[in-house]
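Undergrad: here is a sequence together with a model predicted from it:
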Amino acid sequence: MESMENGQPLRPDNPKDEEMWRAFLTGDDEGLKKLRGFWSRIPTNPRCKVCASPFGGIGGGLARVLWHAPLARNQLLCRACDSMFRRHPGGAEIDVSVLFADVRGSTGLAEGTSPTKFRKQLQAFYDVAWVAIPNWDGIIDKFLGDGVMALFIPAIAGEQHAAQAVAAGRDLLAGVARLPEPRLPVGVGIHSGLAYVGIIGSAQDRDFSALGDVVNVAARLGSVAKAGELLISTDAAHAAAVTSGAAPHLLELKGRHEPLEVISL
């Protein structure tokens, strides 16, 4: 059954759209390069996760005039990008790096403090992520209540997207460590590999995100990383040319049949 939007069936994925998405995601689309270059010169966060148009300050006012205002249903996407997604539904399989930062023991922490105080602690963590991830050309995909998911794709982070993800993970943990007490204990997981990147969701609630084993593994790594630990699959470590001297070890991950080789930083 086809998805519906405003009573009309959405156009299904087609090979031309996939070609467009592959160029868009791998950095061969010159239009995206120029658009992100233009918006990135305006130092205002938060931004559209795709085109980098700013949503706050003077830059946000300019973006709204140019039809790049944030969507009401998704504050990490702008109207212009959502319009493009409607015209070209789909995506493509590409190599990416995925980062998950997760608060350790958030249920117990929330139980032992007031909701307002816990919210302030989470916001301080989110603020660190807003700086660390975009500084290394990552896209904040979503906030997960007590965590953050970020994508590092070739079009934005370059061919060295794994190294960019590792650098962002280091900066994120360093930024959290500098927060005043009581700060939240945060661990980070990173994995690299082939993922489907593109439009995910219903016609009424589209999002730009990623799917696949690489995303699931990164999420698992983020969920088991200890406070202050950067847990990286050896696939990501090799791609990032990590030379920390940490010995690889096998890690059993929930839901996976085979253990994964990882290093801990």
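TA: Great, that's in hand. Numbers count the residues shown, from 1 in each chain.
Undergrad: can you list the domains in the chain?
TA: Per automatic domain parsing, the structural domains of the chain span 4-87, 91-264.
Undergrad: start to end distance for the last one?
TA: This stretch, domain 91-264, spans 32 Å end to end (Cα to Cα, to the nearest Å).
Undergrad: next: stretch 22-35.
TA: 17 Å.
Undergrad: what do you get for stretch 132-145?
TA: Using Cα to Cα, the distance between the terminal residues of stretch 132-145 is 18 Å.
Undergrad: pLDDT weak spots in the chain?
TA: For the chain, the stretches flagged by pLDDT under 70 are 1-14, 202-206, 245.
Undergrad: now do the buried residues in the helix of greatest length in it.
TA: Criterion DSSP state H: the longest helix present in the chain is helix 115-135. Using 16 or more other Cβ atoms under 10 Å as the test for burial, helix 115-135 gives 118, 121-122, 125, 128-130, 132-134. Yep, even glycine has a C-beta here, placed from its N, CA and C like the rest.
Undergrad: strands along the stretch 101-250 of the chain, start to end?
TA: With DSSP state E, counting those that start in this stretch as the criterion, the stretch 101-250 of the chain has strands at 139-143, 147-152, 186-201, 206-211, 230-233, 249-251.
Undergrad: including distance to F100 and mean neighbour count, could those strands go into JSON lines?
TA: Formatted as JSON lines, those follow (distance: least, Cβ to Cβ, whole Å; neighbours: other Cβ atoms under 10 Å):
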{"stretch": "strand 139-143", "distance to F100": "10", "mean neighbour count": "20"}
{"stretch": "strand 147-152", "distance to F100": "6", "mean neighbour count": "26"}
{"stretch": "strand 186-201", "distance to F100": "5", "mean neighbour count": "24"}
{"stretch": "strand 206-211", "distance to F100": "12", "mean neighbour count": "20"}
{"stretch": "strand 230-233", "distance to F100": "10", "mean neighbour count": "27"}
{"stretch": "strand 249-251", "distance to F100": "15", "mean neighbour count": "13"}
